[in-house]
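Visitor: quick check, what structure comes out for this input:
(one chain, ligands or ions: 3)
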Amino acid sequence: MLAQEFIVSCPGKVILHGEHAVVHGKVALAVSLNLRSFLRLRCSKHGKVLLNLPNLGTHLKWEVATLQTLKTAFPVDAGDPKSPSPEQIAALKEFVGVVNGSVDTENLAVMAFLYLYLSIGAKYRVLPSLEIVVWSELPIGAGLGSSAAYNVSIVAALLTACGAVGFPAQADAESARWAAEELHLINTWAFRGEKIIHGNPSGVDNAVGTWGGALRYHAGKITSLERVPELRILLTNTKVPRSTKLLVAGVRDKILKFPDILNPVLTSIDAISQECERLLKEVNRNPSVDCFSVLEELFDINQHHLNVLGVGHPSLDRLCQVTASHGLHSKLTGAGGGGCGITLLRPDVDPNVVEAAKQELKACGYECWETCIGAPGISLHMFSGLKEEVQKVFQRFEKAEH
Ligand SMILES: Nc1ncnc2c1ncn2[C@@H]1O[C@H](COP(=O)(O)OP(=O)(O)OP(=O)(O)O)[C@@H](O)[C@H]1O
Ligand SMILES: C[C@@](O)(CCO)CC(=O)[O-]
Ligand SMILES: [Mg+2]
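Guide: Numbering: from 1, shown residues only. Ligands and ions are numbered 1, 2, ... in the order given. The predicted structure follows:
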């Protein structure tokens with residue numbers, strides 16, 4: 001029997017090397033973050049679907065019967081489409097009221113949810129009546145994989161509610177994970193949701209959200225990096241908003257315009273990822289090897305390359321300059337154009353240096369925090385298994401809802 005209520009959580013990610021190049025078939029190295037998105041699903045009998053997205057201030061309610069009017073675009077015998085079709089996107093845009101032009105943050109989130117609800121519903125022949133709340137600790141649209149955490153959470157919850165994946169047996173523990181083949185199914189559907197939000201995603205973000213840990217991602221092939229040596233990272237959010245979809249499209253246009261100039265840059269980024277992977281393996285084998293000077297240089301070179309691809313931003317230049325003035329090395333992470341940057345911290349870095357850099361970054365109006373990497377991927381929790389601060393957040397929504 002399915003639980004009537006459960007919570008899933010999914011980590012955000014940091015790309016060490018390979019963002020953008022990975023969309024064009026190059027290697028990326030990415031790690032999960034200790035910041036997560038949480039989704040609470042409640043099954044109900046009221047014949048409605050409620051979608052509550054407190055990070056966006058969005059509260060929506062539909063009759064299941066109203067959603068069924070979209071069934072021409074989501075026929076039950078459609079097989080297993082790999083991508084949202086142009087007809088489905090057009091039907092969803094019309095349904096949420098997008099006329100022409102670009103789709104805003106809220107409509108992207110709603111379209112991704114409806115796409116997944118209707119496609120998974122068509123595939124498993126059930127459109128359940130339910131209430132969903134998605135709340136994230138991650139900054140939204142800042143390069144830390146919030147869209148992937150959103151899509152992976154929705155998919156895991158819907159597939160569990162439909163019975164397409166099992167209810168993890170050890171669900172009474174603090175958290176539980178699905179079996180490998182179920183995670184594969186979750187990842188496959190989440191990638192389709194990412195296509196609604198990103199246009200042309202590589203799949204690296206949803207892979208990290210699903211599997212967690214540290215991954216090498218290359219043309220859809222996911223390999224675990226096993227242990228990553230003590231990597232300390234300072235994350236800085238410039239708070240400059242940007243859209244991954246537009247940045248990815250901009251890079252594609254630039255490559256089409258200047259193939260001979262930009263393809264070698266992608267090849268060089270690929271070599272950086274591979275060199276970084278080699279160094280991380282070497283440190284794993286022999287922790288006394290000092291690879292940090294080279295890792296720092298790789299950060300610097302890649303940041304220059306990303307600027308050449310056109311995904312830099314003055315706020316990121318400032319971040320790099322400030323940290324460099326303290327002897328630290330940074331690069332953007334994710335799609336760039338603002339959003340977040342990462343700064344590599346050597347294991348022996350003087351804490352006063354880190355503190356001074358943080359203060360100066362904060363004085364620029366940025367937010368920064370030290371992170372732990374390698375958190376577990378998509379997990380299922382019962383309410384009592386959630387950390388207290390997250391329980392409180394859900395309790396607050398509950399009060400606001402009534
Ligand atoms: N908690 C959430 N609630 C509602 N919508 C969300 C949430 N998290 C992400 N989204 C959706 O994802 C979009 C942001 O995705 P986008 O890919 O642009 O940024 P990102 O995933 O944070 O960064 P990157 O892809 O560079 O890692 C938002 O516009 C919104 O539609
Ligand atoms: C910019 C990009 O490479 C990473 C976004 O986190 C896009 C993608 O891989 O889908
Ligand atoms: Mg994203």
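Visitor: check contacts around Leu185.
Guide: 159, 164-165 (CB atoms under 8 Å, 6 or more residues apart in numbering). Backbone N, C-alpha and C define where each C-beta goes, glycine included.
Visitor: in a helix, it, correct?
Guide: Yes: assessed with DSSP: H, G, I helix; E, B strand; the rest coil, Leu185 lies in a helix.
Visitor: which residues in the stretch 51-200 of the chain form strands?
Guide: 58-63, 130-136 (DSSP state E, counting those that start in this stretch).
Visitor: include distance to Lys221, mean neighbour count and mean pLDDT when you put those into CSV, please.
Guide: Output for the strands of the stretch 51-200 of the chain, formatted as CSV (distance: least, CB to CB, whole Å; neighbours: other CB atoms under 10 Å; pLDDT from 0 to 100):
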stretch, distance to Lys221, mean neighbour count, mean pLDDT
strand 58-63, 36, 14, 96
strand 130-136, 28, 21, 96
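Visitor: and of the contacts of Leu185, the nearest to ligand 2?
Guide: The nearest member of the contacts of Leu185 to ligand 2, counting by CB to the nearest ligand atom, is Leu159 at 22.0 Å.
Visitor: what score does the closest one have for pLDDT?
Guide: For Leu159, the model assigns a pLDDT of 97.
Visitor: what's the closest non-adjacent residue to it?
Guide: Leaving out its chain neighbours, the residue that sits closest to Leu159 by CB to CB, 6 or more residues apart in numbering is Val165, at 4.5 Å.
Visitor: which secondary structure state does Val23 sit in?
Guide: Counting by three-state DSSP, the backbone at Val23 sits in helix.
Visitor: how about it, what does it touch?
Guide: The contact partners of Val23, by CB under 8 Å, 6+ apart, come to 200-202, 248, 251-252.
Visitor: what about 6 Å?
Guide: Listed by CB atoms under 6 Å, 6 or more residues apart in numbering, the contact set of Val23 reads 202, 248.
Visitor: what does Tyr150 give?
Guide: With CB under 6 Å, 6+ apart, Tyr150 has these contacts: Ser37.
Visitor: ok so, going back, what is the burial count for the residue nearest to Leu159?
Guide: 20 (other CB atoms under 10 Å).
Visitor: cool, the one 3 residues further on as well?
Guide: Other residues lying near Pro168 total 18 when counted by other CB under 10 Å.
Visitor: break this structure down into its domains, please.
Guide: Domains of the chain are assigned by automatic domain parsing as 5-223+374-401, 229-371.
Visitor: for the stretch 301-402 of the chain, give the residue positioned nearest to ligand 1.
Guide: For the stretch 301-402 of the chain, CB to the nearest ligand atom, closest residue to ligand 1: Gly334, 3.1 Å.
Visitor: any stretches of the chain with poor pLDDT?
Guide: Low-confidence segments of the chain (pLDDT under 70): 1-3, 170-173, 400-402.
Visitor: my guess is His305 contacts Thr267, does it?
Guide: No: His305 is beyond contact range of Thr267, at 10.3 Å (criterion: CB atoms under 6 Å).
Visitor: who has more neighbours, those two?
Guide: His305 (22 against 13).
Visitor: against Pro54, how distant is that one?
Guide: 37 Å (CB to CB, to the nearest Å).
Visitor: quick check: residues of this structure near ligand 3?
Guide: Neighbours of ligand 3 within the chain, by CB under 5 Å from the ion: 147, 244.
Visitor: kindly recompute the last result at 8 Å.
Guide: Residues of the chain that fall close to ligand 3, judged by CB under 8 Å from the ion: 141, 143, 145-148, 194, 197-198, 201, 205, 244, 334-335.
Visitor: with neighbour count as extra columns, can I get the residues you listed in a markdown table?
Guide: Listed next are the residues of the chain next to ligand 3 as a markdown table, based on neighbours: other CB atoms under 10 Å:
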| residue | neighbour count |
| --- | --- |
| Gly141 | 19 |
| Gly143 | 31 |
| Gly145 | 31 |
| Ser146 | 27 |
| Ser147 | 28 |
| Ala148 | 32 |
| Glu194 | 26 |
| Ile197 | 24 |
| His198 | 26 |
| Pro201 | 24 |
| Asp205 | 34 |
| Thr244 | 27 |
| Gly334 | 27 |
| Ala335 | 28 |
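Visitor: stretch 71-78: which residues count as buried?
Guide: Residues of stretch 71-78 classed as buried: 73-74 (neighbour count, 16 or more other CB atoms under 10 Å).
Visitor: contact partners of it?
Guide: Outside stretch 71-78, the residues within contact range by CB under 6 Å, 6+ apart are 87-88, 91, 118-119, 122, 125.
Visitor: how about Thr223, nearest residue that isn't a chain neighbour?
Guide: Sequence neighbours aside, Arg216 is the residue nearest to Thr223 in space, at 4.5 Å (criterion: CB to CB, 6+ apart).
Visitor: same thing with Cys340?
Guide: Gly143 is the one closest to Cys340 (CB to CB, 6+ apart), at 4.3 Å.
Visitor: try Pro81
Guide: In space, Pro81 comes closest to Ser119 once its chain neighbours are excluded; the distance is 7.3 Å by CB to CB, 6+ apart.
Visitor: ok, the one you found - how many residues close by?
Guide: Neighbours of Ser119 using other CB under 10 Å come to 22.
Visitor: before we move on, what about Ala363?
Guide: Other residues near Ala363 come to 9 when the count uses other CB under 10 Å.
Visitor: returning to what we had before: the residue nearest to Cys340 against Gly341, yeah?
Guide: No: using CB under 6 Å, Gly143 is not in contact with Gly341, being 8.3 Å away.
Visitor: return the set of buried residues in stretch 206-216.
Guide: 206-216.
Visitor: stretch 222-237 now?
Guide: For stretch 222-237, by 16+ other CB under 10 Å, it's 222, 225, 228-229, 231, 233-237.
Visitor: related to what we said a few turns ago, mind putting the strands of the stretch 51-200 of the chain in JSON lines, distance to Lys392 included?
Guide: Compiled in JSON lines, those are given as follows (distance: least, CB to CB, whole Å):
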{"stretch": "strand 58-63", "distance to Lys392": "20"}
{"stretch": "strand 130-136", "distance to Lys392": "11"}
